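Peer 1: no sequence on hand, only this structure:
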């Protein structure tokens, strides 16, 4: 089967990538990116599936489409990783030498690992299979083997909201950042698409695999050798697709918020991932003085109602916010009469409005939307204490500490202060002067002074008042100390790095203390606690101490190579080793040769994407080996 001819117009739209950078892709004629090739809206082409006369030809067409869309997708990953992210400063890209490392990592997350996986593993496997399709017509076995690696998309999808925030913030605040991004976006290979659009491509790709695989299974006979493989692949991919679909829905919500933001002239701070646009539209407002009606615009969010008035503009309709009514405390009443029909009253802590709809249907829609928003808000408040307890009982509770029902009734097991470098509530780093360590006497967490400036009576201490953290104060007293503290503690968005070190280490592939240093970062060797969790065996988490609730950094390991340092590296420490991938090299130093050997083995396997099994902690393992050696010596 000739692959080149089956591609048609899709092949002609692939991007032009230099062959020395990406030998798998061939230059095309027009240099534009085929945006629809990896989008979830482009289902299997009729020319491949509907017009084929046999199941063999139909599945071949779908497999061929998968190959061509994969080529186009890899070219876009090349843009993100090699052009936007990691090219040298002279090339006009967002290199780590031009902008802070945490900003670049925050925007592009593990895109380097994703690009490496598709360019070095999945695409070559598909190309090889299509070259021998007549002899081996199946793709389910390939996808079943490689589908587990799609777990790495979870890191990218989790970070997607934060990445969008960083891009928007730096586009507004940094003229250099904005100029670099606009310069790259004007290049022909970008296809007149924005950086944000290209960043959405990895989120859209997993649902694309799901659609193609469903079509492939539909065309495949039940007794085909590849049926079981394809079915298992679909189960694995469907799980990953659900996370991507959630991120796509969030992106759509953000687009709606941006449109409203522009409608209000950029004067209202509403572009936030926690905000959700419920309903918007024109409505009449009745004057309280003379009953006359005035044209107004209502915008309902999950937490507030904006009452807006038109602004006089020569081009485009704009509105100004006249009043804001919080959903908290909002009430809704119908106020229609024979003389004034289709009216309803919205009253809140800030203001009351009597509004009139133009039709009964419009009135019904507004009332249902506002009532549903109020009810959802009340349900959130009602479950506040339950949610607070759930968070405490899960990964925020130290071992042997009291659960929510026993809080204050029995003494907690306090965590050793030396095992914590960050406040376990606000996650600010401790220091000996302005940010000292304190123990919450109720839960045992190590917190800063600001997060433990509350006192509550504890039954286990003869009902005396003790220093407690804000969460324990709220649970014990029944009310938060202040609205500001409540907002900080409850509504703060959790970072993808908020994985408690002690919990991760209990079920880990590998964990121990190491010294580490990044090549070119300008910082010397630092000691830290390293963990590869069992549920994320391809990610290395770096903590300041074994009990920290937040990691300093996470490193996706797929595509990295682990090895001993070369003579030119000059690590200046014993038992050193390193992991490297394109532009990033990290050096490590272990406390002994056996620990060095085990880390190199685990990191090498993770870099190749091999499955890893959980082990006991390295300390326990070394003790066991020591006992075995001693026993064998005695026997001798």
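Peer 2: Great, that's in hand. Computed from a predicted structure; not experimentally measured.
Peer 1: can you give me the helices in the stretch 251-400 of the chain?
Peer 2: Ranges of helices in the stretch 251-400 of the chain, per DSSP state H, counting those that start in this stretch, are 360-382, 384-393.
Peer 1: show residues contacting the first one.
Peer 2: Meaning helix 360-382. 278-279, 281, 283, 298, 300, 302-303, 305, 327-328, 330-332, 334, 342-344, 346, 355, 357 (Cβ atoms under 8 Å, 6 or more residues apart in numbering). (Each C-beta comes from the backbone N, C-alpha and C, glycine too.)
Peer 1: repeat that with 7 Å
Peer 2: By Cβ atoms under 7 Å, 6 or more residues apart in numbering, the residues outside helix 360-382 that reach it are 278, 279, 300, 302, 327, 328, 330, 332, 342, 344, 346, 357.
Peer 1: how many residues are close by the fifth one?
Peer 2: Read it as residue 327. Residue 327: 20 surrounding residues under other Cβ atoms under 10 Å.
Peer 1: so that it lines up with my notes, have the first residue be 2 from now on.
Peer 2: Let's use 2 as the start, then, which means that last one is residue 328.
Peer 1: quick one: buried residues of whichever strand or helix holds residue 604?
Peer 2: Here residue 604 sits within helix 594-608, counting by DSSP states H and E. For helix 594-608, a neighbour-count test (16 or more other Cβ atoms under 10 Å) marks 596, 597, 599, 600, 601, 603, 604, 605, 606, 607, 608 as buried.
Peer 1: can you check stretch 577-592 too?
Peer 2: Buried positions in stretch 577-592, judged by neighbour count with 16+ other Cβ under 10 Å: 577-582, 584-591.
Peer 1: what ranges does the stretch 502-637 of the chain have for its helices?
Peer 2: 502-507, 594-608, 619-636.
Peer 1: hey, least reliable of those by pLDDT?
Peer 2: Across the helices of the stretch 502-637 of the chain, helix 619-636 has the smallest mean pLDDT, namely a mean of 43.
Peer 1: okay, now the residue nearest to residue 529 when sequence neighbours are not counted: neighbour count?
Peer 2: Spatially, and ignoring its direct neighbours in sequence, residue 529 is nearest to residue 543 (5.1 Å; Cβ to Cβ, 6 or more residues apart in numbering). Close neighbours of residue 543, defined as other Cβ under 10 Å, add up to 20.
Peer 1: now the strands for the stretch 402-551 of the chain?
Peer 2: All strands of the stretch 402-551 of the chain, identified by DSSP state E, counting those that start in this stretch, fall at 439-440, 447-448, 455-459, 465-469, 509-519, 527-534, 540-544.
Peer 1: of the ones you listed, which is nearest residue 407?
Peer 2: When the strands of the stretch 402-551 of the chain are compared by Cβ to Cβ, strand 455-459 sits nearest residue 407, at 11.2 Å.
Peer 1: just to revisit the earlier point, from the buried residues of stretch 577-592, which land in strands?
Peer 2: The strands, defined by DSSP state E, take in 577, 578, 579, 580, 581, 582, 585, 586, 587, 588, 589, 590 from these.
Peer 1: and the residue lying closest to residue 451 once chain neighbours are set aside, how many neighbours?
Peer 2: Nearest residue to residue 451, sequence neighbours excluded (Cβ to Cβ, 6+ apart): residue 427, at 7.1 Å. Taking other Cβ under 10 Å as the criterion, the count of residues near residue 427 is 16.
Peer 1: cool, residue 70 as well?
Peer 2: 24.
Peer 1: and the nearest residue to residue 533 once chain neighbours are set aside, how close does it get to residue 556?
Peer 2: Distances taken as Cβ to Cβ, 6+ apart place residue 510 nearest to residue 533, at 4.3 Å, with adjacent residues excluded. According to Cβ to Cβ, to the nearest Å, residue 510 and residue 556 sit 14 Å apart.
Peer 1: also residue 262?
Peer 2: According to Cβ to Cβ, residue 262 stands 35 Å off from residue 556.
Peer 1: ok, now residue 465?
Peer 2: 46 Å.
Peer 1: neighbour count winner among these two?
Peer 2: Neighbour count, other Cβ under 10 Å: between residue 465 and residue 556, residue 556 has more, with 22 against 11.
Peer 1: isn't that one right up against residue 541?
Peer 2: Yes - at 4.4 Å, residue 556 counts as touching residue 541 under the criterion of Cβ atoms under 7 Å.
Peer 1: tell me, how many residues neighbour residue 125?
Peer 2: Using other Cβ under 10 Å, residue 125 has 12 other residues around it.
Peer 1: try residue 59
Peer 2: Residue 59: 21 surrounding residues under other Cβ under 10 Å.
Peer 1: so it: helix, strand or coil?
Peer 2: Three-state assignment for residue 59 (DSSP: H, G, I helix; E, B strand; the rest coil): helix.
Peer 1: how far away is residue 183 from residue 338?
Peer 2: 57 Å.
Peer 1: so these two - more neighbours on which side?
Peer 2: Under the criterion of other Cβ under 10 Å, the comparison of residue 183 against residue 338 puts residue 183 first, with 12 against 7.
Peer 1: which helix or strand contains the more buried one?
Peer 2: helix 176-186.
Peer 1: and that helix, what's its mean pLDDT?
Peer 2: In this model, helix 176-186 has an average pLDDT of 86.
Peer 1: that helix: which residues count as buried?
Peer 2: Neighbour counts over helix 176-186 (16+ other Cβ under 10 Å) mark 178, 181, 182, 185, 186 as buried.
Peer 1: the last one reaches residue 198, doesn't it?
Peer 2: No - with contact defined as Cβ under 7 Å, residue 186 and residue 198 do not form a contacting pair (9.2 Å).
Peer 1: neighbours of residue 410, how many?
Peer 2: Residues near residue 410, counting by other Cβ under 10 Å, number 11.
Peer 1: and it, how far is that from residue 272?
Peer 2: In this view, residue 410 and residue 272 are 45 Å apart by Cβ to Cβ.
Peer 1: ok, now residue 85?
Peer 2: Residue 85 sits at a distance of 22 Å from residue 272 (criterion: Cβ to Cβ).
Peer 1: the two: which has the busier surroundings?
Peer 2: residue 85 (25 against 15).
Peer 1: just confirm that one is within a helix.
Peer 2: Yes - according to three-state DSSP, residue 85 belongs to a helix.
Peer 1: tell me how far it lies from residue 305.
Peer 2: With Cβ to Cβ as the criterion, residue 85 and residue 305 are 36 Å apart.
Peer 1: now do residue 199
Peer 2: According to Cβ to Cβ, residue 199 and residue 305 sit 33 Å apart.
Peer 1: name the residue in these two with the higher neighbour count.
Peer 2: Each of residue 199 and residue 305 has its neighbours counted (other Cβ under 10 Å); residue 199 has more, 22 against 19.
Peer 1: return the distance of stretch 208-227 from the chain's centre.
Peer 2: 29 Å (Cα atoms, centre = their mean, to the nearest Å).
Peer 1: scratch that, stretch 545-556 is what I was asking about
Peer 2: 17 Å.
Peer 1: just stretch 260-280 next, same as before
Peer 2: The chain centre lies 22 Å from the centre of stretch 260-280; the measure is Cα atoms, centre = their mean.
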